[in-house]
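Participant: Next come a sequence and a model predicted from it.
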Amino acid sequence: MRKHANVVAVLALILAVAPLGAQAPAVSQADLAAIHQIREEGFSPATSKVMEIISYLSDVHGPRLTNSPNIKEAAKWTTDTMNQWKLANVHLEPWGTPFGRGWSNERTNVQVIAPHPFPLIAYAKAWTPGTNGPVTADAVFAPITKEEDFAKFKGQLKGKFVLTAAIPESPERFDPQAHRYTDAELADLATQPVPAAQAGQEERIAQFRATREFQLKVQKFLIDEGVAAWIEPSRSDDGTVFVQQGGGRDKEKDPPAPCRVAVANENYGRIVRTLEKKVPVSMLVDVENKFYDDDLNSFNIIAEIPGSDKAKADEVVMLGGHFDSWQSGTGATDNGAGSAVMLEAIRILKATGVKMRRTVRIGLWTGEEQGLLGSAAYIKQHFGDRNVEDPATHLIKILPEHAKLDAYYNIDNGTGKIRGVYLQGNEMVAPIFNAWMVPFHDLGMTTLTIRNTGGTDHLSYDAVGLPGFQFIQDPMDYDTRTHHSNMDVYERIQEPDMKQMAVIVASFVYLTANRDEILPRKPLPKAQPVRQFP
């Protein structure tokens, strides 16, 4: 008897320390039947719409810079489409705070005309002026890396095309730029790293501020000198140009910027090396940019499928991703992919007619690229303010809707298929998600990690104590080639991955909407002071 008792004790200990997911209830037969419907709708060539959606968002209406004419046209197409799907409460919801002026690039033509003509792969930086027509002038290499360099070039740059940066390195590539997670990498991702002391945080912040302040000084110097344009190299190679913002959105407060143009690393290097040989280089630059000051506000795109259970229909499960992009590509992988997947997921749920007890709401955010602005505004309007303390609890101030939000699911890591979920430190959700992943093991979804992934809109939810989750996705060539670059285009989208993501997201939303209880939450956080940067 004692030997048997010892065996029982050991088994009890194993169960106690086993992964939480091992004790989770399996997905019911009724839910598996619904997931089968979702798979049929999402995978069938006759019914799937995800590639049509991403083509409209990128090919027809891309790029989608916040407050540009393109993003407004894309939003109209999206709301019209969701109305055709007969979703409820389809609308654009203003942020409530200004974003700033709109901007668009109408034309960029940059070429060297002497000593030998060649075209440049070039893109205007957002919120910078153009050249006011074609301008022909000499190029000048003026490396400015420290305060003393200003005096060296003072009075020499008026009317010139000025190159201030060193030539970026172009290392030889022996490995492919696109990558899918291996089993070993996923196993490592599933582990929890032991936190180490964050040494040097204040130093990094100080360095960021110093770099930013010096860049503003360079910008002012070039404006005062009257340069024709500021020519800057991309940080990558192979003709891939990474392009973001070069000027400010506030006409009254932001310092003026010159015409700023990012060019391919290889083009930039050729010009600089030629100038270093004392051979003059003449360029023709014709950049037309437009500013829009008629409407300084931005919006989020909202639509719903009402819940079927009267007792739970006021509770909400959300899915979403950011709708805006940068301007050099068409915003296909960042984040047309996420927007298209979420639109397809809610279309699937509507088309199949699977019953969902809670209301399902999609949110597509603008201003993410400028700092999660759209989702942060939505959270502040509906759920709580991370920067305001409730004097009664000394935690963040929350609104009544906070109690009714079940969970938020986000896609914003490109076209790669879903491999699991970042738990965002929420151990209590692990057994639930582990059980929900089982029907998708055959699609490659097997991994949970307690870790967080940063830089996207689920953080706005987590910041106010709401369950917000980003899915683990195969990295593909997102960071190496398409993220914020001219290669962010439809051709980098992988159709099987898009379909897989839409089916999994729709299924997770369905399962969440039908649980008896809302998903477990982490403790409500303390209010966070706003960090000011120059």
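Facilitator: Okay, I see it.

Participant: could you pull out the strands for the stretch 1-150 of the chain?
Facilitator: 88-98, 102-114, 118-119, 122-124, 135-141 (DSSP state E, counting those that start in this stretch).

Participant: wait, which of these is closest to Tyr478?
Facilitator: strand 122-124 (19.0 Å; Cβ to Cβ). The C-beta positions use only the backbone N, C-alpha and C, and glycine is treated the same way.

Participant: From the contact counts, what lies against the closest one?
Facilitator: strand 102-114, strand 260-263 (3 or more Cβ pairs under 8 Å, 6 or more residues apart in numbering; DSSP states H and E).

Participant: neighbours around Ser485, how many?
Facilitator: 27 (other Cβ atoms under 10 Å).

Participant: looking at the helices and strands packed on strand 122-124, which is closest to Val27?
Facilitator: strand 102-114 (46.2 Å).

Participant: still on that earlier bit, Ala126: which of the helices and strands packed on strand 122-124 is closest?
Facilitator: strand 102-114 (5.7 Å).

Participant: Tell me the buried residues in the closest one?
Facilitator: Of the residues in strand 102-114, Gly102, Trp103, Ser104, Asn105, Thr108, Val110, Val112 count as buried by neighbour count, 16 or more other Cβ atoms under 10 Å.

Participant: how about TSV for these, with pLDDT and distance to Pro280 added?
Facilitator: Shown next, in TSV, are the buried residues of strand 102-114 (pLDDT from 0 to 100; distance: Cβ to Cβ, whole Å):
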residue	pLDDT	distance to Pro280
Gly102	98	39
Trp103	98	33
Ser104	98	34
Asn105	98	29
Thr108	98	23
Val110	98	17
Val112	98	11
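
Participant: average model confidence for stretch 493-508?
Facilitator: Stretch 493-508 carries an average pLDDT of 98.

Participant: Please point out which parts of it sit buried.
Facilitator: Those would be 493-494, 497-508, for stretch 493-508 by 16+ other Cβ under 10 Å.

Participant: ok so, going back, looking at the helices and strands packed on strand 122-124, which is nearest to Trp77?
Facilitator: Trp77 sits nearest to strand 102-114 of all those, at 17.1 Å, using Cβ to Cβ.

Participant: Within its sheet, name the partner strands of the closest one and how each one runs.
Facilitator: Strand pairing for strand 102-114, determined by DSSP bridges: strand 118-119 (antiparallel), strand 282-292 (antiparallel).

Participant: Mind putting these into JSON lines with distance to Glu368 and mean pLDDT?
Facilitator: Compiled in JSON lines, the strands paired with strand 102-114 are given as follows (distance: least, Cβ to Cβ, whole Å; pLDDT from 0 to 100):
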{"stretch": "strand 118-119", "distance to Glu368": "33", "mean pLDDT": "98"}
{"stretch": "strand 282-292", "distance to Glu368": "19", "mean pLDDT": "98"}
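
Participant: between these, which one is nearest to Phe43?
Facilitator: That would be strand 282-292 among these, by Cβ to Cβ, at 41.4 Å.

Participant: just to revisit the earlier point, which one of the helices and strands packed on strand 122-124 lies closest to Met445?
Facilitator: Among these, if distance is taken as Cβ to Cβ, the winner is strand 260-263, at 37.3 Å.

Participant: Using the three-state scheme, assign the nearest residue to Gly321 once chain neighbours are set aside.
Facilitator: Using Cβ to Cβ, 6 or more residues apart in numbering and skipping the chain neighbours, the partner closest in space to Gly321 is Gly338 (3.1 Å). Secondary structure state of Gly338, per DSSP: H, G, I helix; E, B strand; the rest coil, is helix.

Participant: What of Ile346?
Facilitator: helix.

Participant: Leu343 now?
Facilitator: Strictly by three-state DSSP, Leu343 counts as helix.

Participant: got it, and Gln207?
Facilitator: helix.

Participant: how near is it to Phe214?
Facilitator: 11 Å (Cβ to Cβ, to the nearest Å).

Participant: So what touches stretch 88-100?
Facilitator: The contact list for stretch 88-100, computed with Cβ atoms under 8 Å, 6 or more residues apart in numbering, reads 66-67, 75, 79, 82-83, 248-250, 296-306, 366-367, 370, 373-374, 377-378, 380-381.

Participant: quick one: which of those sit in strands?
Facilitator: Counting by DSSP state E, the contacts of stretch 88-100 place Asn297, Ser298, Phe299, Asn300, Ile301, Ile302, Ala303, Glu304, Ile305 in strands.

Participant: pLDDT score for Pro529?
Facilitator: 73.

Participant: Please list all residues in contact with it.
Facilitator: Contacts of Pro529 (Cβ under 8 Å, 6+ apart): Asn387.

Participant: So it, which state does it fall into?
Facilitator: coil.

Participant: State the distance from it to Asn387.
Facilitator: Counting by Cβ to Cβ - Pro529 and Asn387 are separated by 7 Å.

Participant: again with Gly353
Facilitator: Gly353 is 42 Å from Asn387, by Cβ to Cβ.

Participant: pLDDT weak spots in the stretch 401-534 of the chain?
Facilitator: For the stretch 401-534 of the chain, the stretches with pLDDT under 70 are 530-534.

Participant: try it again with 90
Facilitator: 528-534 (pLDDT under 90).

Participant: now the helices for it?
Facilitator: If DSSP state H, counting those that start in this stretch is used as the criterion, the helices of the stretch 401-534 of the chain fall at 430-437, 458-462, 495-513.

Participant: So what's the gap between the first one and the chain middle?
Facilitator: By that I understand helix 430-437. On the basis of Cα atoms, centre = their mean, to the nearest Å, helix 430-437 sits 25 Å off its chain's mean C-alpha point.

Participant: Let the chain start at 465 from now.
Facilitator: Fine by me, first position is 465 from now on; the one you just mentioned is helix 894-901.

Participant: tell me the contacts of Thr911?
Facilitator: If you count contacts by Cβ under 8 Å, 6+ apart, then Thr911 has Leu650, Ala651, Leu653, Ala654, Arg883, Gly884, Val885, Ile936 around it.
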